[in-house]
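Undergrad: sharing a sequence plus its predicted fold:
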Amino acid sequence: QVQLVESGGGLVQAGGSLRLSCAGSGRTFSTYTIAWFRQAPGKEREFVAAIRWDAGTTYYADSGKGRFTISRDNAKNTVYLQMNSLKPEDTAVYSCAASTRQIIRISETYTDWGQGTQVTVSS
């Protein structure tokens, strides 16, 4: 089990950037795949990006390709989501989650979740 805490959300104008952080606790953090999901009001939770434990493989939803970059620093037990060229439709609560399974894009496979951080993009 791993505990996750997100930070870095806020209010930004369209075209701006934010970097979200997901800090994990526990000695096994480096063995987990970490993903970011987001949920906007009235919408279902959706996959944003994920990174495998060794940082060798990353995955992105089409909505973020070319704009978002996920990375991790296992020495700091932290995963980052750099978000550039933000759009109003990126407005949502962003949550990070941890999994030891091979399925990447399905939220039900993630066993540990942070509390989320709000990202608001104004037009």
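TA: Cool, got the structure.
Undergrad: tell me the centre residue of the protein?
TA: Centroid-nearest residue in the chain, with Cα atoms, centre = their mean: Trp36, separated by 2.3 Å.
Undergrad: check contacts around the nearest residue to that one once chain neighbours are set aside.
TA: Sequence neighbours aside, Val48 is the residue nearest to Trp36 in space, at 4.2 Å (criterion: Cβ to Cβ, 6 or more residues apart in numbering). C-betas here are computed from N, CA, C, even on glycine. Val48 sits next to 35-38, 60-61, 63-64, 68, 81, 94 when contact means Cβ atoms under 8 Å, 6 or more residues apart in numbering.
Undergrad: buried members of these into ChimeraX, please.
TA: This is how ChimeraX selects the buried members of these, with burial counted by 16 or more other Cβ atoms under 10 Å:
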select :35,36,37,38,60,61,64,68,81,94
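Undergrad: which of the contacts of Val48 fall within helices?
TA: When the contacts of Val48 are checked against helices (DSSP state H), there are no matches.
Undergrad: reformat the contacts of Val48 as JSON lines; add distance to Trp113 and pLDDT.
TA: Below are those laid out as JSON lines (distance: Cβ to Cβ, whole Å; pLDDT from 0 to 100):
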{"residue": "Ala35", "distance to Trp113": "10", "pLDDT": "97"}
{"residue": "Trp36", "distance to Trp113": "11", "pLDDT": "98"}
{"residue": "Phe37", "distance to Trp113": "9", "pLDDT": "98"}
{"residue": "Arg38", "distance to Trp113": "12", "pLDDT": "98"}
{"residue": "Tyr60", "distance to Trp113": "20", "pLDDT": "97"}
{"residue": "Ala61", "distance to Trp113": "18", "pLDDT": "97"}
{"residue": "Ser63", "distance to Trp113": "20", "pLDDT": "95"}
{"residue": "Gly64", "distance to Trp113": "19", "pLDDT": "95"}
{"residue": "Phe68", "distance to Trp113": "19", "pLDDT": "98"}
{"residue": "Leu81", "distance to Trp113": "15", "pLDDT": "98"}
{"residue": "Tyr94", "distance to Trp113": "11", "pLDDT": "98"}
